[in-house]
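>>> I'd like to go over a predicted model; first the sequence, then the structure.
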Amino acid sequence: MKDSLNIAIAGATGYVGLELIKILLKHPKANIIYLCARRSLGRSITMFDKKIKKKNLPKISDIKKINWNKVNVLFTSLPNGEAQKIANRIPSNIKLIDLSADFRLNDHRIYKKWYKKDHNCKKFINKSIYAITEFSRNKLNNHRIIACPGCYPTSAQIPLIPLVEKRMINVNNIIIDSKSGYSGAGRNFKKKFLFKNLFDSVSAYGIGSHRHMAEIDQELSKASKRKINVFFTPHILPMFRGILSTIYLETIGKNNAKKIYKFLKQYHKNNFFVKIAKFNTPIGTGDVMNTNYCKLSICKDRKKNKVIIISAIDNLIKGASGQAVQNMNVAYHLNETLGLQ
Ligand SMILES: NC(=O)c1ccc[n+]([C@@H]2O[C@H](COP(=O)([O-])OP(=O)(O)OC[C@H]3O[C@@H](n4cnc5c(N)ncnc54)[C@H](OP(=O)(O)O)[C@@H]3O)[C@@H](O)[C@H]2O)c1
């Protein structure tokens, strides 16, 4: 393909990697040339997902075998800690789009606090950008490494960043109650939730300590220029995919739920992948399943100064692969929606 981007995916056989492949196969400017994993080397990727039909995709290979001269973009959908090692090894002209937490935190000390290990690639932290596309369009092509946000933080920040920037809410009392399908924990979800009856129970986890709090706090604090610590509790549900975050807020000044609805509708009016439901409408993950949309519903409470925002995304797409491709499109000055409609 002329003028197309040559793409390598590390972690191609994982839940996120497989979604990336499906999106990039629909992308007119993307040419997948490497699919990498640790196991199943030499096998066809179609054995991991029957929906991937294309015959001439590369076989699964070891990342060590990549000829970097051929690659423009490397997506890393690997466990935390792995992209840091790779960033040190690849030529500097390759755009690294990372879906793990490796480059999300701006301070290596904060990284160590939350991830319990030293950052392996400190020198690249300031060459990376934490990018929810909707808030980062103008800065994306200046950075060699694009850190795609976590799935829960994406669902929470799309409504919250504009509100804290505009100082419409009490930042000391932001409550984010999130529910996710089990694909959020990756292929090995059963090991990660060993003692939970995953298929017949809704379970809270990471209570008061989930790592995604670090990036939500970081980004909301940056946007509001004040220190913010949110309440955040994730739950895992007996369904495969989707995130629904219910966010409880207290307005300040003369703001109320209707004003917040009007403001967010106006703020996101040119953001193709953000949809705002009619005021006070119930929504669910089914509304955004298999899409790159984030759907928001702004709802009123009995009390005038309280507002409830519901945010729905598909964790594997807007919360991961879709957002990563959206970031790539913007970084390369392509139409933001390529591959994603
Ligand atoms: N799942 C989500 O909803 C979601 C959303 C946003 C971000 N993320 C992040 O995206 C990344 C991938 O998530 P996932 O859900 O796709 O995970 P996953 O299903 O567990 O897949 C992990 C992939 O990485 C490969 N891999 C594992 N360990 C490796 C190692 N040490 N070196 C090289 N390759 C290795 C695996 O291949 P082998 O099996 O061959 O080892 C597999 O292809 C994670 O950092 C996750 O936190 C996930």
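In hand now; what should we look at?
>>> make it CA atoms for all contacts and neighbour counts henceforth
Will do.
>>> how far away is residue 269 from the ligand?
25 Å (CA to the nearest ligand atom, to the nearest Å).
>>> ditto for residue 71
In terms of CA to the nearest ligand atom, residue 71 sits 18 Å off from the ligand.
>>> for that residue, what are its contacts?
Shown in contact with residue 71 (CA atoms under 8 Å, 6 or more residues apart in numbering): 5-8, 33, 94.
>>> repeat for residue 45
13, 35, 52, 57, 59-60.
>>> just to revisit the earlier point, tell me the one among the contacts of residue 71 nearest to the ligand.
The nearest member of the contacts of residue 71 to the ligand, counting by CA to the nearest ligand atom, is residue 8 at 12.6 Å.
>>> hey, what's that closest one bridged with?
residue 34, residue 74 (DSSP bridges).
>>> and the contacts of stretch 296-304?
159, 256-258, 260-261, 274-283, 306-312.
>>> for ChimeraX, what selects the buried ones among those residues?
The ChimeraX selection below is limited to those of the contacts of stretch 296-304 classed as buried (16 or more other CA atoms under 10 Å):
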select :159,256,257,258,260,261,274,275,276,277,279,280,283,306,307,308,309,310,311,312
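>>> just the ones of the contacts of stretch 296-304 in strands?
274-276, 306-312 (DSSP state E).
>>> which one of these is nearest the ligand?
Using CA to the nearest ligand atom, those come closest to the ligand at residue 312, 13.2 Å.
>>> what count of nearby residues applies to residue 246?
If you count neighbours by other CA atoms under 10 Å, residue 246 ends up with 20.
>>> is it true that it touches residue 176?
Yes: counting by CA atoms under 8 Å, residue 246 touches residue 176, with 6.0 Å between them.
>>> which residues sit in contact with the residue nearest to residue 241 when sequence neighbours are not counted?
For residue 241, ignoring the flanking residues on the chain, the nearest one in space by CA to CA, 6 or more residues apart in numbering is residue 181 at 4.3 Å. Residues near residue 181 by CA under 8 Å, 6+ apart: 236-243.
>>> including neighbour count, could the residues you listed go into a markdown table?
Shown next, in a markdown table, are these (neighbours: other CA atoms under 10 Å):
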| residue | neighbour count |
| --- | --- |
| 236 | 24 |
| 237 | 21 |
| 238 | 16 |
| 239 | 14 |
| 240 | 13 |
| 241 | 20 |
| 242 | 28 |
| 243 | 33 |
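>>> after the lengthiest helix in the chain comes which helix or strand?
Secondary structure of the chain per DSSP state H: the longest helix is helix 151-165. Per DSSP states H and E, the first helix or strand lying C-terminal to helix 151-165 is strand 175-181.
>>> in the next helix or strand after that following strand, what counts as buried?
Sequence order places helix 189-192 as the next helix or strand after strand 175-181, per DSSP H and E. In terms of neighbour count (16+ other CA under 10 Å), helix 189-192 has no buried residues at all.
>>> please name every helix or strand in contact with helix 189-192.
Packed against helix 189-192 by the contact rule (3 or more CA pairs under 8 Å, 6 or more residues apart in numbering; DSSP states H and E) you find no helix or strand.
>>> contacting residues around it?
Contact with helix 189-192 is made by 182-183, 185, 198, as judged by CA under 8 Å, 6+ apart.
>>> could you redo the last one with a cut-off of 7 Å?
Applying CA atoms under 7 Å, 6 or more residues apart in numbering, the contact partners of helix 189-192 are residue 182.
>>> now swap in stretch 231-238 and tell me
With CA under 7 Å, 6+ apart, stretch 231-238 has contacts from 174-182, 198-208, 213.
>>> what about that stretch, average pLDDT?
Regarding stretch 231-238, the rounded mean pLDDT is 96.
>>> just the C-alphas of that stretch, formatted as CSV.
Taking Å, rounded to 0.1, in the frame of the first residue of the first chain, the C-alpha atoms of stretch 231-238 are listed here in CSV:
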residue,chain,number,x,y,z
PHE,A,231,-12.8,8.1,45.2
PHE,A,232,-12.7,5.2,42.8
THR,A,233,-14.0,1.7,43.2
PRO,A,234,-13.9,-0.8,40.3
HIS,A,235,-16.2,-3.8,40.1
ILE,A,236,-16.0,-6.9,37.8
LEU,A,237,-19.2,-8.2,36.3
PRO,A,238,-20.1,-11.5,34.8
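>>> close to the ligand, is that stretch?
No: judged by CA under 6 Å from any ligand atom, stretch 231-238 and the ligand are separated, with a smallest distance of 11.5 Å.
>>> appreciated, that's everything.
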